[in-house]
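Novice: no sequence for this one, just the structure:
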DNA sequence: GCCGTTTTCGGCCCGACTGTTTTCAGTCG
């Protein structure tokens, strides 16, 4: 084997790289059996990852002192961050890597492999990479290691096959319907009292690694046996007295846990997570001389709460926290202070501002889309077909746009109060100009601007391009702001903070595109927009009538994860109020008056 | 190594399961 390369982190390091280095250090410290430090590094890695600004920038502006603002980072870690940021290296990391030059992160991502296993694999077998491990396991050399056996060797091979076959996490929209069906049929098993979907599915995370299903029943063994025998279950990974892990035919792992009825709330809380939220709750409990686990909240041996989540939160002095917020990103403090936001609800959406039709790359006519939207309970839509430079879609030039506007006026008059707005998804050219003349844009009700090409521009250039488009006096909404496609395409390299700042200044609305593989904006971006007072809209990006459900199915959950209230989402307003708000700031007098979007305060609930 | 409604020292979340051990360590969530 070749001599190990020390891991290097390029200067201009991203927070993710810094976090990865700290995670490695945590693992190395674990291997050495060092107490407490591994957890400290792990915690700091979390804080770094979740930090809303690049630490390299924070350091440039305020030095190591400014780095102390990162949760979990103290003096020693701030110095290590400084070293990483300025030199791209970490002496401690390199020292460990000389001793154990393993691909720690990748190996530990395998089920059943932790720090201790990584160490033994290196010391006894010289395993450095996942490929080394596969070779060793296939050769039957893993089973003889201390702490390993035939079973663990098999598990490693199964884990490797799983990673190869299924790759990473799956989009929420792929998984939720399957698990909802499974939960519904589990409800019909004999002896089952309650069934609930927990975990990241319940928190409506955009991607899901596995599914957690919680059952209350008096006899766990019978329920677990019946569950494991379901036709959807391809393989049982493990089964104990109260829990059972299976892999479905679709490849999805499902963990089922059975608890008694009086513990259901505590267990629901526990299995919904997130882990960080749970840890914070337990620490809060501890401070009150209570103990929180999946069976309840206890004072000594006495259970003081546990039947419902609300009961547990209340006993901890907290308002009930919506699952979408349970990430330890300030929700516990807000629950204590009574300042949790009243999150937007699916039914609050009244309009949809991004809809393509058969005038370009949509499947259905304007009329069909309008009727379907009205039947779905909406009050208005904007038709936003592509524009001329998106040639492959048959994008509209100005003449075609004018013809479409006439068609929309004609149809709108037949819709009995439902409004069809005239719009376009205007293509942003590489230099940030738009491919439709201002005069034509001025005639539209809703001008969405969107990037569809040149995804790989450098960050500064991409940001300047989008900002220029936003500054067009007719641009109302920035569609799918970062262009990512979950599991397929990275977002373009764009400074979202700068986009939000410009949106605040220009009155441009940011879209949350609810197409299930886009969900663009991300939850953290929604949160930033909301905090900045920049309104969003939640749109379907529909290319057919079946897509019109996306905003209520997926978009709203993502917005809720970003702490958005109905006030923050412009298309919860009736059409006239929506249009007034959309154009406010856009067409406000340039100077001489102080007409501004009123600063909106988050609804308290 | 971090941190503070047990605050500058002495704590650090908790329980289940697996596979290995022959009473428990490692891993996971």
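Specialist: On my side now, so go ahead. Note that the structure is predicted; figures quoted are calculated from it, not measured.
Novice: how near is the residue lying closest to residue A:389 once chain neighbours are set aside to residue A:494?
Specialist: Sequence neighbours aside, residue A:435 is the residue nearest to residue A:389 in space, at 4.2 Å (criterion: C-beta to C-beta, 6 or more residues apart in numbering). Every C-beta, even on glycine, is put in place using the N, C-alpha and C of the backbone. Separation of residue A:435 from residue A:494 (C-beta to C-beta, to the nearest Å): 20 Å.
Novice: which one's more surrounded, the two?
Specialist: The neighbour count for residue A:435 versus residue A:494, taken as other C-beta atoms under 10 Å, is higher for residue A:494 (23 against 18).
Novice: sorry, back to before: so the residue nearest to residue A:389 touches residue A:425, yeah?
Specialist: No: using C-beta atoms under 8 Å as the test, residue A:435 is too far from residue A:425 to be in contact (10.8 Å).
Novice: identify the contacts common to those two.
Specialist: With contacts defined as C-beta atoms under 8 Å, 6 or more residues apart in numbering, the residues adjacent to both residue A:435 and residue A:425 are residue A:387.
Novice: for DNA strand B, give me its nearest residue in the stretch 301-450 of chain A.
Specialist: residue A:336 (8.4 Å; C-beta to the nearest atom of the strand).
Novice: and the strand or helix carrying that residue, what's its mean pLDDT?
Specialist: Element membership for residue A:336, per DSSP states H and E: helix A:331-337. Computed over helix A:331-337, the mean pLDDT rounds to 92.
Novice: tell me how far that helix is from the chain's mean position?
Specialist: Averaging C-alpha coordinates over helix A:331-337 and over its chain gives two centres that are 21 Å apart (C-alpha atoms, centre = their mean, to the nearest Å).
Novice: elements contacting it?
Specialist: Helix A:331-337 makes packing contacts with helix A:275-287 when contacts are defined by 3 or more C-beta pairs under 8 Å, 6 or more residues apart in numbering; DSSP states H and E.
Novice: do the helix it packs on and DNA strand B meet?
Specialist: Yes: looking at helix A:275-287 against DNA strand B by C-beta under 7 Å from any atom of the strand, the contacts come from A:275, A:278, A:279, A:282, A:283, A:286, A:287.
Novice: out of those, who's the most crowded?
Specialist: Among the residues of helix A:275-287 next to DNA strand B, where neighbours are counted by other C-beta under 10 Å, the top count belongs to residue A:278, at 19 neighbours.
Novice: right, and that one touches residue A:268 too?
Specialist: No: applying C-beta under 8 Å, one finds residue A:278 not in contact with residue A:268, separated by 11.8 Å.
Novice: let me have the residues of helix A:275-287 next to DNA strand B in TSV, adding distance to residue A:449 and pLDDT as columns.
Specialist: Listed next are the residues of helix A:275-287 next to DNA strand B as TSV, based on distance: C-beta to C-beta, whole Å; pLDDT from 0 to 100:
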residue	distance to residue A:449	pLDDT
A:275	39	89
A:278	42	93
A:279	42	90
A:282	47	92
A:283	46	90
A:286	51	89
A:287	50	88
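Novice: I figured residue A:556 hits residue A:324, correct?
Specialist: No: under the criterion of C-beta under 8 Å, residue A:556 lies out of contact with residue A:324, with a separation of 9.6 Å.
Novice: so what's the residue count around the spatially closest residue to residue A:191 that is not a sequence neighbour?
Specialist: Nearest residue to residue A:191, sequence neighbours excluded (C-beta to C-beta, 6+ apart): residue A:217, at 5.0 Å. Applying the criterion other C-beta under 10 Å, we find 21 residues in the vicinity of residue A:217.
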